[in-house]
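Trainee: What follows is a protein structure lacking sequence information:
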Ligand SMILES: [Ca+2]
């Protein structure tokens, strides 16, 4: 067996031991930083070749998946946590686990892959068709943005490929604690987002949402005038985007279904060509008894109103 491969196998096994041992303990995330460091030191000593450490590190990174992007569940597993452990301290637990991982691997990107799939379910209108006098509903884009820097590019991609003359566009941004860098990226690029809508002689609205279940008050807000003609005065949109402050959220999932419902039903959609909501979040939707509106209700309502939904699931970072 080639040395890097042998080293990887040994290290991979050692890497997991501290987490397996602490899997039942709730302090696992707190301990994980030291556990990772110790595991790597043991690993290096065992392989007897310090030069192999870099190779091992690269191998572990490789195992993380394409482009070094990890799924949140993998990170939780290694920190001895499950989704059920992510109560009101969700942000702290995930932030600690991320920090511990980055001590070992350097900057890494974590996507909640389950959230990507659940959010993406909203983009599938199924057999529904638009109501009378509304644009046809299409299947939307399901995109990811591993780092906040990728967010403007993904919005631009949707605008380039799915936008069109006379469009109505609503950007719906998760504004809970882990979204600060993503909110900043949208704010820094709002001029080009607005310019793309203006080029289509379209209208733009922005809204944010948090957790509607006795967590955040207010939990939802949109800019005062709703959909604003981007060929006219655009200062309201810019000011609103810059005013968004990312905090709160309590548990990990947020009120995505209720927020899409609010956005779909409160805005005055007028476009007869294209209506779209672009969702930007790192988390999955609240479900079951924790949401007022179900996924099925939201999909049916947006189809009725001729609204196509696109989702961008962004990397988890603090
Ligand atoms: Ca929540």
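Mentor: Happy to help now that I have it. Because the structure is a prediction, the values reported are computed rather than measured.

Trainee: neighbours around the closest residue to the ion within the stretch 1-150 of the chain, how many?
Mentor: As assessed by CB to the ion, the ion sits closest to residue 90 within the stretch 1-150 of the chain, at 7.1 Å. Glycine gets a C-beta too; all of them are placed from N, C-alpha and C. Neighbourhood size, residue 90 [other CB atoms under 10 Å]: 21.

Trainee: which residues touch the spatially closest residue to residue 307 that is not a sequence neighbour?
Mentor: Excluding the flanking residues, the one nearest residue 307 by CB to CB, 6 or more residues apart in numbering is residue 275, at 4.5 Å. Shown in contact with residue 275 (CB atoms under 8 Å, 6 or more residues apart in numbering): 134-135, 167-168, 269, 305-308.

Trainee: thinking again about what came up before, list the contacts for the residue of the stretch 1-150 of the chain closest to the ion?
Mentor: Taking CB under 8 Å, 6+ apart, we find residue 90 in contact with 249-252.

Trainee: Looking at these, which are in strands?
Mentor: In strands, judged by DSSP state E, none of the contacts of residue 90 are found.

Trainee: For the closest residue to the ion within the chain, report the pLDDT, please.
Mentor: Using CB to the ion, the closest approach of the chain to the ion is made by residue 211 at 3.7 Å. As predicted, residue 211 sits at a pLDDT of 96.

Trainee: got it, and residue 89?
Mentor: pLDDT, read off for residue 89, is 90.

Trainee: Report how many residues lie close to it.
Mentor: As a burial measure, residue 89 scores 15 neighbours (other CB under 10 Å).

Trainee: and stretch 260-280, what's its mean pLDDT?
Mentor: Throughout stretch 260-280, pLDDT has a mean value of 97.

Trainee: for that stretch, the distance to its chain's centre please.
Mentor: Distance of stretch 260-280 from the chain centroid (CA atoms, centre = their mean, to the nearest Å) equals 20 Å.

Trainee: ok, now stretch 246-259?
Mentor: Counting by CA atoms, centre = their mean, stretch 246-259 comes out at 11 Å from the chain centroid.

Trainee: Buried residues in it, which are they?
Mentor: Neighbour-count burial for stretch 246-259 flags 246, 248-259 (criterion: 16 or more other CB atoms under 10 Å).

Trainee: How about stretch 157-173?
Mentor: In stretch 157-173, counting by 16+ other CB under 10 Å, buried: 158-159, 162-163, 167-173.

Trainee: Now for the contacts of residue 90: which two are most distant?
Mentor: 250 and 252 (8.6 Å; CB to CB).
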